[in-house]
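Visitor: Sequence and predicted structure are below.
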Amino acid sequence: MSPKEGPAGVTSDSGLPVEEVYTAADVAPGLEERLGLPGMPPYTRGPYPSMYRGQLWTMRQFAGFGSPEETNQRYHFLRSQGQTALSVAFDLPTQLGYDSAAPEARAEVGRVGVAIDTAADMVDLFDGLALDEVSVNFTINATAPIILAGYLVAAERQGVAFDGLTGTLQNDILKEFLARKTFIYPPAPSMRLACDVVAFASEHLPRFNPISITGYHAREAGCDAVQELGLTMASAIAYAEALMARGLAFDSFAPRLSFHFATTMDLFEEVAKLRAARRLWFKIATERFGAADPRSARLRFFSGNSGTTLTAQQPLNNIIRSTIQCLGAVLGGAQSIHVMGYDEAYELPSEEAVTLSLRTQQIIALESGVARTVDPLAGSYVVESLTDELETRALGVIVEIEATGGAVAAIEAGVPQRWIAESAYRTERQVADGARPKVGVNVYAEQDAPPPIDLFRLDDGVAERQIARTAARVQARDTVLHANAMSALARASVDGSNVMPPLIDAARAGATVGEMAGVFRKAFGEFREPAPW
Amino acid sequence: MSPRIVLAKPGLDGHDRGIKVVAMALRDAGAEVIYLGLRRSVAEIIRAALDESADAIGISVLSGAHLVLVSDLLRERDAQGLHGVPVILGGTIPAEDADALIRLGVAAVHPAGSSLDAVVSSVLALVAQRETA
């Protein structure tokens, strides 16, 4: 049935050779030094000494749809169900810097996330949710500085000081070019905006993660675990170098860098990848950037399980897949975890599916016992051997990226994008040919009815109401204050000063997301990606 | 002559893993694939179909905006006199929407979860049908 069975040529999901039995001889000498203790360099075993005994991971379920009020109600519901932090999904117009009324926003308002046009929408989004008590994750990138400005204004209106805010702004624009594809401007000015946010946060937001450097989307777009790890580190190096080129000391921003990895089906390889990530970052931070602050070299990460491993066929099987992947993230030492709804192969998750995802995390946390012991797989011959191998191979990816001039140059040339597309095609061919078993799809398939796709049905009035509300707010704003703020923003966009202070002023003055992104569009132009082959 | 197929993502949705995989599979099956990439307007897609003498147009939508985008595309196709060029849709398309779109003039819908080989043979069959018609 599976061609992976057989004496020779057995490999992991990412093509690493896998032996039938591992012994001490398969683990290179010097393991003690490569491991250390949890919370101690090189952090292979975890960023904190007591890990989940001290504090369980944060359980985040991504949510957002329709208007800010509707999403706000969902957040109150999720909080009542025991979710410990919020995670905001934005609609595509907001992610791409268009107001709900823009022609490009046609048919997209409030569809895959919440529609945000002004800072007043951010105030509504967090109504009744004290921003000094709840940590918020924002999946936003090209418009991350604009959304951060709106969030800061919302905090201000709640009377919460900036230094009391906790949460994470995704703000990893490089992976948008690699995989997620909500870029607007070309790579160089996009990097500048991302770094403006990190530089601003290093001064004003001591408890907030201003970037989440992400391999997750490249993995979802098709690359393997080795490439995921290598590309993430290559991006981290690019951000660190760009920030240091502005004169920032590595230790002034590195403690707040956070990371985001996928956890997919190959359990031991995934655990090994997450452990290798911490060790790799420790080496990069200390050897390459001379980190003196231990926190700068201590990698913390969020993990989401993989949507592309879920199948539209026999969707209840996805609950089992998600459970295994969530377990992988826990055994790999994640700081926060998202579990996909079992229906996400074909629709935005239903309320039932989202609750079940949260229960999956709660059952692993409270019933399975795996959270009792830190890094419980340490010393396993196979896991240690895979951890070493993943680290070595990921270093090879970093070397390849650097040979093309670093992450930004490689992305401009479309190099890693091609790796990802080719790897996705290889995987799909293997599924089509039966070389990669997928239960319910190419093995144990049933003559199913067509996949029960039932998309979240958006109320037709959402866009109209949102457009009308923004129009009224625009009508009511102080035109002089607004005009001055927009001029200051335009100046900052071209003179190279940090755009965050003028963005916050513009958000306070009622500027719309489309207006602010429009200033950057004018200054930087728009990017079209190179041909994939 | 190998069939010429224009592939594109209309709307704002960036999920392009599927359409790129289909593009590579069609190429390996002998088709000439013109992939236009992301965020292409309906007018740009039809213009490319005209310029490239496309035998078929394939689009992919995973954001849920397919009903509006596909009706716009069909209208523009017909307005430009390309009635005979089949439009094939992939993505997260509910069955009832697929039925509605077929009635509207879409030649085939391949929802998430379709097998790669089935998509490729369906596209090639539509092109062959057109040639014999």
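Guide: Received it, and whenever you're ready, just let me know what you need. Here the structure is a predicted model, which means the values were calculated and not measured. Numbers count the residues shown, from 1 in each chain, chains lettered A, B, ... in the order given.
Visitor: is it true that A:I211 touches A:L169?
Guide: Yes - using Cβ atoms under 8 Å, A:I211 makes contact with A:L169 at a distance of 6.7 Å. Just so you know, the C-beta spots here come from the backbone N, C-alpha and C atoms, and that holds for glycine as well.
Visitor: Buried residues of stretch A:91-104, list them for me.
Guide: By neighbour count with 16 or more other Cβ atoms under 10 Å in any protein chain shown, stretch A:91-104 contains the buried residues A:91-102, A:104.
Visitor: How about stretch B:102-109?
Guide: Neighbour counts using 16+ other Cβ under 10 Å place B:G105, B:V106, B:A107, B:A108, B:V109 of stretch B:102-109 among the buried residues.
Visitor: Closest to the mean position in chain B, which residue would that be?
Guide: Central residue of chain B (Cα atoms, centre = their mean): B:G58, 1.5 Å from the mean position.
Visitor: helix, strand or coil for it?
Guide: At B:G58 the chain is in strand, as set by DSSP: H, G, I helix; E, B strand; the rest coil.
Visitor: Enumerate every residue touching it.
Guide: Applying Cβ atoms under 8 Å, 6 or more residues apart in numbering or on different chains to B:G58 gives the contacts B:I5, B:V6, B:L7, B:A8, B:I19, B:V22, B:V87, B:I88, B:L89, B:G90, B:V123.
Visitor: again, only using 6 Å
Guide: B:G58 makes contact with B:L7, B:I88, according to Cβ atoms under 6 Å, 6 or more residues apart in numbering or on different chains.
Visitor: Check the buried residues of stretch A:91-104 and tell me the two furthest apart.
Guide: The distance between the two most remote of these (Cβ to Cβ) is 16.3 Å, for A:Q95 and A:A101.
Visitor: Put the alpha carbons of stretch A:89-102 into PDB.
Guide: C-alpha atoms of stretch A:89-102 as PDB (Å, rounded to 0.1, in the frame of the first residue of the first chain):
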ATOM      1  CA  ALA A  89      -8.400  38.000  11.200                       C
ATOM      2  CA  PHE A  90      -8.800  40.900   8.900                       C
ATOM      3  CA  ASP A  91     -10.600  41.000   5.600                       C
ATOM      4  CA  LEU A  92      -8.600  41.300   2.400                       C
ATOM      5  CA  PRO A  93      -9.300  44.900   1.700                       C
ATOM      6  CA  THR A  94      -7.900  45.800   5.100                       C
ATOM      7  CA  GLN A  95      -4.900  43.600   4.600                       C
ATOM      8  CA  LEU A  96      -4.300  45.300   1.200                       C
ATOM      9  CA  GLY A  97      -4.900  48.800   2.200                       C
ATOM     10  CA  TYR A  98      -8.300  49.500   0.600                       C
ATOM     11  CA  ASP A  99     -11.300  51.100   2.300                       C
ATOM     12  CA  SER A 100     -14.500  49.100   2.300                       C
ATOM     13  CA  ALA A 101     -15.900  51.500  -0.300                       C
ATOM     14  CA  ALA A 102     -13.000  51.000  -2.800                       C
END
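Visitor: Contacts for that stretch next, please.
Guide: A:62, A:64, A:104-105, A:108-117, A:139-140, A:143, A:182, A:184, A:466-467, A:512-514, A:517, B:12.
Visitor: Inside helices: which ones of these?
Guide: Mapping these onto helices (DSSP state H) picks out A:Q466, A:I467, A:V513, A:G514, A:A517.
Visitor: what does chain B put close to chain A?
Guide: B:12, B:14, B:17, B:20-21, B:24, B:38, B:63-65, B:68, B:92, B:94-95, B:111-113, B:116-117 (Cβ under 6 Å from any Cβ of the partner chain).
Visitor: 8 Å instead, please
Guide: Chain B has residues B:11-17, B:20-21, B:23-25, B:35, B:37-38, B:63-65, B:67-69, B:92-95, B:97, B:111-113, B:115-117 near chain A, with proximity defined as Cβ under 8 Å from any Cβ of the partner chain.
Visitor: Report how many residues lie close to the residue of the stretch 301-450 of chain A found nearest chain B.
Guide: Of all residues in the stretch 301-450 of chain A, A:A312 sits closest to chain B, at 3.0 Å by Cβ to the nearest Cβ. Number of residues near A:A312 (other Cβ atoms under 10 Å in any protein chain shown) recorded here: 23.
Visitor: My guess is it contacts A:A345. True?
Guide: Yes - applying Cβ under 8 Å as the test, A:A312 and A:A345 come out as touching, 4.5 Å apart.
Visitor: mind listing the helices for the stretch 401-533 of chain A?
Guide: A:407-412, A:415-433, A:461-476, A:479-495, A:500-508, A:513-524 (DSSP state H, counting those that start in this stretch).
Visitor: Output these in JSON lines; the columns should cover distance to chain B.
Guide: Output for the helices of the stretch 401-533 of chain A, formatted as JSON lines (distance: least, Cβ to the nearest Cβ, whole Å):
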{"stretch": "helix A:407-412", "distance to chain B": "15"}
{"stretch": "helix A:415-433", "distance to chain B": "4"}
{"stretch": "helix A:461-476", "distance to chain B": "11"}
{"stretch": "helix A:479-495", "distance to chain B": "22"}
{"stretch": "helix A:500-508", "distance to chain B": "22"}
{"stretch": "helix A:513-524", "distance to chain B": "13"}
